[in-house]
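1. Curious how this folds, go ahead:
(one chain, ligands or ions: 1)
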Amino acid sequence: MLRTHTCGELNMAHRGLDVTLSGWIQRSRDMGGLTFIDLRDRYGITQLVFNMEVNSALCMEARKLGREFVVSVTGKVAERSNKNLKMATGEVEILADNITILNVSKTPPFTIEDNTDGGEELRMKYRYLDLRRNANKKNLELRHRMAIETRNYLSSLDFMEIETPYLIKSTPEGARDFVVPSRMNPGQFYALPQSPQTFKQLLMVAGYDRYFQIVHCFRDEDLRADRQPEFTQIDCEMAFVTQEDILNTFEGLATHLFKSVLAMDMPAFPRMSYNDAMKLYGSDKPDIRFGMTFTGLNELVKGKNFKVFDDAELVVGINAAGCSEYSRKQIDELTDFVKRPQVGASGLVYIRYGLDRTIKSSVDKFYSPEELSAIVEKFGAQPGDLMLILAGKEEKTQTALGTLRLEMGKRMKLTTPGDFKPLWVIDFPLLEWDDETRRYYAKHHPFTSPVPGDIPLLDTDPGAVRANAYDLVINGVEIGGGSIRIHNKDLQKKMFTVLGFTDEDAADQFGFLMNAFEYGAPPHGGVAFGFDRWCTIFGGGESIRDFMAFPKNNSGRDVMIDSPSAIKPEQLKELTLKIVQ
Ligand code: ASP
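-> As a prediction, this is how the structure comes out:
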């Protein structure tokens, strides 16, 4: 071995020991007769000292070493006179007596420090240098621990990790597929899996009643901070279970991860119905780290000749406690915020409940002081509070107010880093109507089972059918979701019909699954968690990219290997493909 110890492990207990360390040169400083070098490896940094008086040739050699040179150094561990107690190795240094250059390095294009001067694009191009930085290393270490703890926990409960194929079949449901041409089957394509959904269900039919896999999934979607074209799921499925069993099992996994990775003891996760989440938080992934829940105002505000409220399906507001002193400018800012197309409200009504108990609002013209008082009372507001109200179509208004609530949470600094508030959202609707294509879509996916009592509604009022589906949400982020599945051929067929599939299309795309259901499919259900997201939340990060070793940029490109890229005409020919611009 080219080392006896790592750069992160030497301390006072090693004083006097002769050691060999290998690593990268973080920085060097010449101080008169002494040269100090910080040597870095994955485990930490150790200070090396070269003394001109003791060995001038060696010291001169050390002075020539550039940043990121790879060296191996031999020397004696000594106590430092100038200790740095912030570093694990900060009480000692190595009095070097030999140094070997293992490799030279060009000057890196950005500093390999916690606060680097490198921009995002440059760091992505030289990701292998970026990954030398502490922040990235910590993130990947956390990711590794999460993976190990997941495997340990699930394995201890008899889950088997089973790999499913990456070259599968394209289906139009869900997101867009990435496709891979098949050379041996001209004109035909594989698709990369958006998830192993149908395979894990087939494993249940096969009798592997507890399956999991930490698995790559691929979705050709527009990218956002928390989306990547390829990402990782903790994908799980169980047979002979009810929804309750699944929630308990995976709450167990989540609790285990909180404990083993973050050393946090979590109380039981609350559960909230989809309807309550929408009604109280305007989101199916509510951030319950703070309150500010919605107050419905329909019965108090209608019929007073204020057209905006009279025409609205829903009038609803939040109470921003202690914000009555917001300036005109701040309120205008909030109004602009809710009117942005991404939020989509047409305007914002406010009521200030002053510290002097006066009530002023932007709708004083339409409402008497008594009527405004009644509204303030409904909000349960205190003097000093500011009420913000939106009106319009029900779901759209709920969602817009949900976005405003999160914005107010940010402005009022209502969340603390390191605080985690997980919950299960349950009782999702099975289907979602799309006005544009005039058809129902599966809210979760087409294999999700309706709540048994609601099955007759599939014929009469499909939109009202509830699903046996659930999401795990932490701090306003959907960490995962799943459902109890349909395991009966006729019901699955019916579901495809409701989704607008012809019998032929359903048979062509999912015949293999429906056939399997004819050979003793057990009742089953499962869940999948966004592994990158979960790591990001636990690591207190902003973007899932920071928790992936080699992520793609905003345009889905890997700028380091320069991909995607054109392929050679011969390759195209072999694949019987032609580029049509
Ligand atoms: N396969 C689903 C997904 O990727 C999760 C599940 O239902 O288990 O969202």
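2. Show me what counts as buried in the biggest strand by length in the chain.
-> Longest strand in the chain, counting residues (DSSP state E): strand 18-31. Of all the residues in strand 18-31, those buried under the rule 16 or more other C-beta atoms under 10 Å are Val19, Thr20, Leu21, Ser22, Gly23, Trp24, Ile25, Gln26, Ser28. Backbone N, C-alpha and C define where each C-beta goes, glycine included.
3. Repeat that for stretch 395-415.
-> Buried residues in stretch 395-415 (16+ other C-beta under 10 Å): 396-409, 414-415.
4. For burial, what's the neighbour tally of Ser565?
-> Using other C-beta atoms under 10 Å, Ser565 has 8 neighbouring residues.
5. meant to ask about Ile484
-> Using other C-beta under 10 Å, Ile484 is surrounded by 25 other residues.
6. now Leu85
-> For Leu85, the neighbour count with other C-beta under 10 Å is 7.
7. where does the closest residue to it other than its chain neighbours fall, phi/psi-wise?
-> The spatially closest residue to Leu85, leaving aside those adjacent along the chain, is Glu91, at 7.3 Å (C-beta to C-beta, 6 or more residues apart in numbering). For Glu91, the backbone dihedrals (degrees, to the nearest 10) come out as phi -90, psi -10.
8. repeat for Glu149
-> Main-chain dihedrals, Glu149, degrees, to the nearest 10: phi -70, psi -40.
9. Roughly how far does it sit from Ser72?
-> The spacing between Glu149 and Ser72, counted by C-beta to C-beta, to the nearest Å, is 35 Å.
10. tally of neighbours for the closest residue to the ligand within the stretch 151-300 of the chain?
-> Nearest residue of the stretch 151-300 of the chain to the ligand, counting by C-beta to the nearest ligand atom: Ser195, 3.4 Å away. Number of residues near Ser195 (other C-beta under 10 Å) recorded here: 18.
11. now the one 3 residues further on
-> Applying other C-beta under 10 Å, we find 20 residues neighbouring Thr198.
12. Asp130 now?
-> Other residues close to Asp130 by other C-beta under 10 Å number 21.
13. how close does it get to Ser105?
-> Distance of Asp130 to Ser105, computed by C-beta to C-beta: 15 Å.
14. Gly119 - nearest residue in space that isn't next to it in sequence?
-> Counting by C-beta to C-beta, 6+ apart, Gly119 lies nearest to Phe110, which is 7.9 Å off, once chain neighbours are set aside.
15. OK, contacts around the one you found?
-> Neighbouring residues of Phe110 by C-beta atoms under 8 Å, 6 or more residues apart in numbering: Thr116, Asp117, Gly118, Gly119, Leu122, Arg123, Tyr126, Leu129, Asp130.
16. In contact with the third one, which residues?
-> Pointing back at Gly118 there. Going by C-beta under 8 Å, 6+ apart, Gly118 touches Pro109, Phe110, Thr111, Tyr126, Asp130.
17. Next, the contact list for the last one, please.
-> If I follow you right, that is Asp130. Contact analysis of Asp130 by C-beta under 8 Å, 6+ apart lists Phe110, Thr116, Gly118, Arg123, Met124, Asn136.
18. what element comes up after the one helix or strand Met124 maps to heading to the C-terminus?
-> Using DSSP states H and E, Met124 falls within helix 120-125. With elements assigned by DSSP H and E, the helix or strand that comes after helix 120-125 is helix 127-130.
19. got the CA coordinates for that following helix in PDB?
-> Extracted in PDB, the C-alpha atoms of helix 127-130 (Å, rounded to 0.1, in the frame of the first residue of the first chain):
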ATOM      1  CA  ARG A 127     -17.200  16.800 -12.300                       C
ATOM      2  CA  TYR A 128     -14.400  14.500 -11.100                       C
ATOM      3  CA  LEU A 129     -12.700  17.600  -9.700                       C
ATOM      4  CA  ASP A 130     -16.000  19.000  -8.300                       C
END
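20. So which bits of it are buried?
-> Neighbour-count burial for helix 127-130 [16+ other C-beta under 10 Å]: Arg127, Leu129, Asp130.
21. Over to stretch 195-208?
-> Residues of stretch 195-208 classed as buried by neighbour count (16+ other C-beta under 10 Å): Ser195, Pro196, Gln197, Thr198, Phe199, Lys200, Gln201, Leu202, Leu203, Met204, Val205.
22. can you list the residues you listed in a markdown table and add secondary structure?
-> What follows is the buried residues of stretch 195-208, written out as a markdown table (DSSP: H, G, I helix; E, B strand; the rest coil):
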| residue | secondary structure |
| --- | --- |
| Ser195 | coil |
| Pro196 | coil |
| Gln197 | helix |
| Thr198 | helix |
| Phe199 | helix |
| Lys200 | helix |
| Gln201 | helix |
| Leu202 | helix |
| Leu203 | helix |
| Met204 | helix |
| Val205 | helix |
